[in-house]
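Undergrad: quick one, structure for this:
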Amino acid sequence: MKGEDVMILADKIMELRKKNGWSQEELAEKIGVSRQSVSKWESAQAVPDLNKILVLSKVFGVTTDYLLKDEMVEEEYLDLQQDVSEEVRHVTMEQANEFMGLKQMTATRIAIGVALCILSPIMLIVLSGAAEMGMLSVAFTEERAAMIGLIILILFVASAVFLFITSGSKTHDYEFLNTEIIETAYGVNGMVREKQKRYRNIYIRNCALGVCFCILSVVPLFMTIFVADNEFMACIGVGLLLCMIAVGVYLLVKTGIIWESYEKLLQEGEYNKIAKRNNKKNELIGEIYWMIVAAIYLAYSFITFDWHKTWIVWPIAGVLFAALIAILNIIHNKEEI
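TA: Sure, this is the predicted structure:
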């Protein structure tokens, strides 16, 4: 290669590395070379061999032609990551900061909404149990107790729905991050990656606490059953169980939404470029699936009034949904091959 060509290649490698927010050490690790090698490439002291050019092409997601051209032109992406029919959405630094700020705010609101849904049947269960045991006044019949509990349940669910709708409307303009290929402005990837790195310990801690709360939620139920063989105390135990599950799910949902916002901007995890294509195909199926689950949960719960048991529908539905999406993704990937 001529000296001028070497300089252009060096500039392209440096520009692509910085655009992805990687240090020389991080790029070197991805390619399988030393940091000194990357430094020499970027300073035009050395030229990567053909094998390394191919690896650089895959790592950066650009064509080898783009890297080897003797001029600075717009990036030419690999067909594996971007179809010519796909429109790339550009995300500025201002948009990235606004999106992360909105996600920080709505994460709390959505997590509270989910917790309210879990807490909603507690008063219905406790009041019904107390009325059945004759612990309330004579005028406070089982029917009245159930009616008051049902009203509180509806108020909780309505409040949750309000939080879901208002939160969704605030981030509506960024729905394209779920399914569309994006290109971020210079410096965005590095900024987002730094925020993600600082949040990692909080993410791990809250996920661990959330899972522990859900696992330990059965303890108060067992204690109330064994310590006092009393139906009302069992109702109290169910209420405490739901409270602990609500706390655990709150932590998991809030933390997960914030972490998810970083992955969306970095196009990592479930939001990498290939997964986005699959997400777009699975979106309608997901909407139909959860509407059916919600209908089954509400119908069965109102018919049986076993609210202390029917909540199990949600974790089971979540596991089945994950399995369904995994199967659909395998099918989509085979179709692409």
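Undergrad: and the pLDDT for residue 252?
TA: You'll see residue 252 listed with a pLDDT of 93.
Undergrad: so what's it up against?
TA: Residues near residue 252 by CB atoms under 8 Å, 6 or more residues apart in numbering: 206-207, 210-211. C-betas here are computed from N, CA, C, even on glycine.
Undergrad: how about residue 203?
TA: 255, 258-259.
Undergrad: and the residue sitting nearest the centre point of the chain, how far is that from residue 142?
TA: Centroid-nearest residue in the chain, with CA atoms, centre = their mean: residue 260, separated by 4.0 Å. Per CB to CB, to the nearest Å, residue 260 is found 44 Å from residue 142.
Undergrad: coming back round to it: which ones among the contacts of residue 252 map onto helices?
TA: 206-207, 210-211 (DSSP state H).
Undergrad: closest to residue 33 among those?
TA: Sorting these by how near they are to residue 33, with CB to CB, puts residue 207 at the top with 34.4 Å.
Undergrad: and the gap between that closest one and residue 256?
TA: 8 Å.
Undergrad: could you do residue 173 as well?
TA: Counting by CB to CB - residue 173 and residue 256 are separated by 21 Å.
Undergrad: quick one: which of these two has more around it?
TA: residue 256 (17 against 12; other CB atoms under 10 Å).
Undergrad: contacts only, for the more buried one.
TA: Residue 256 neighbours (CB under 8 Å, 6+ apart): residue 207.
Undergrad: mind listing what's buried along the helix or strand hosting it?
TA: Using DSSP states H and E, residue 256 sits in helix 231-266. Within helix 231-266, the residues that qualify as buried are 232-266, counting by 16 or more other CB atoms under 10 Å.
Undergrad: any stretches of the protein with poor pLDDT?
TA: 1-6, 70-87, 137-140, 228-229, 273-284, 307-308, 325, 328-337 (pLDDT under 70).
Undergrad: so where do the helices sit in the stretch 1-150 of the chain?
TA: 3-19, 24-31, 35-42, 50-60, 64-68, 93-119, 122-132, 142-170 (DSSP state H, counting those that start in this stretch).
Undergrad: helices and strands around the second one, which ones?
TA: Secondary-structure packing of helix 24-31 (3 or more CB pairs under 8 Å, 6 or more residues apart in numbering; DSSP states H and E): helix 35-42, helix 50-60.
Undergrad: go with 6 Å
TA: When contacts are defined as 3 or more CB pairs under 6 Å, 6 or more residues apart in numbering; DSSP states H and E, helix 24-31 packs onto helix 35-42.
Undergrad: repeat that for the longest one.
TA: Packed against helix 142-170, as judged by 3+ CB pairs under 6 Å, 6+ apart, are the following elements: helix 93-119, helix 122-132.
Undergrad: let's have those in JSON lines, adding mean neighbour count and distance to residue 26.
TA: Listed next are these as JSON lines, based on neighbours: other CB atoms under 10 Å; distance: least, CB to CB, whole Å:
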{"stretch": "helix 93-119", "mean neighbour count": "18", "distance to residue 26": "20"}
{"stretch": "helix 122-132", "mean neighbour count": "21", "distance to residue 26": "49"}
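Undergrad: out of those, nearest to residue 161?
TA: helix 93-119 (7.5 Å).
Undergrad: just the buried ones from the contacts of residue 252?
TA: Buried by 16+ other CB under 10 Å: 206-207, 210, out of the contacts of residue 252.
Undergrad: and residue 264, how close does it get to residue 141?
TA: Applying CB to CB, the value for residue 264 to residue 141 is 52 Å.
Undergrad: got it, and residue 240?
TA: 26 Å.
Undergrad: and what of residue 204?
TA: In terms of CB to CB, residue 204 sits 50 Å off from residue 141.
Undergrad: only the buried residues of the helix or strand hosting residue 215, if you could.
TA: Residue 215 belongs to helix 188-216 when elements are defined using DSSP H and E. Using 16+ other CB under 10 Å as the test for burial, helix 188-216 gives 188-193, 195-196, 199, 206-207, 210, 213-214.
Undergrad: what's the spacing between that helix and its chain's center?
TA: Distance, stretch centre to chain centre, for helix 188-216: 11 Å (CA atoms, centre = their mean, to the nearest Å).
Undergrad: and the next helix or strand past that helix?
TA: Downstream of helix 188-216, the first helix or strand assigned by DSSP H and E is helix 218-227.
Undergrad: contacting residues around that next one?
TA: Residues from elsewhere that reach helix 218-227 (CB atoms under 6 Å, 6 or more residues apart in numbering): 233-234, 236-237, 240-241.
Undergrad: returning to what we had before: next, format the ones in helices among the contacts of residue 252 as TSV and append distance to residue 182.
TA: TSV is the format used below for the ones in helices among the contacts of residue 252 (distance: CB to CB, whole Å):
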residue	distance to residue 182
206	27
207	26
210	29
211	31
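Undergrad: from these, pick the one nearest residue 121.
TA: The nearest one, if we look at the ones in helices among the contacts of residue 252 relative to residue 121 and count by CB to CB, is residue 210, at 20.6 Å.
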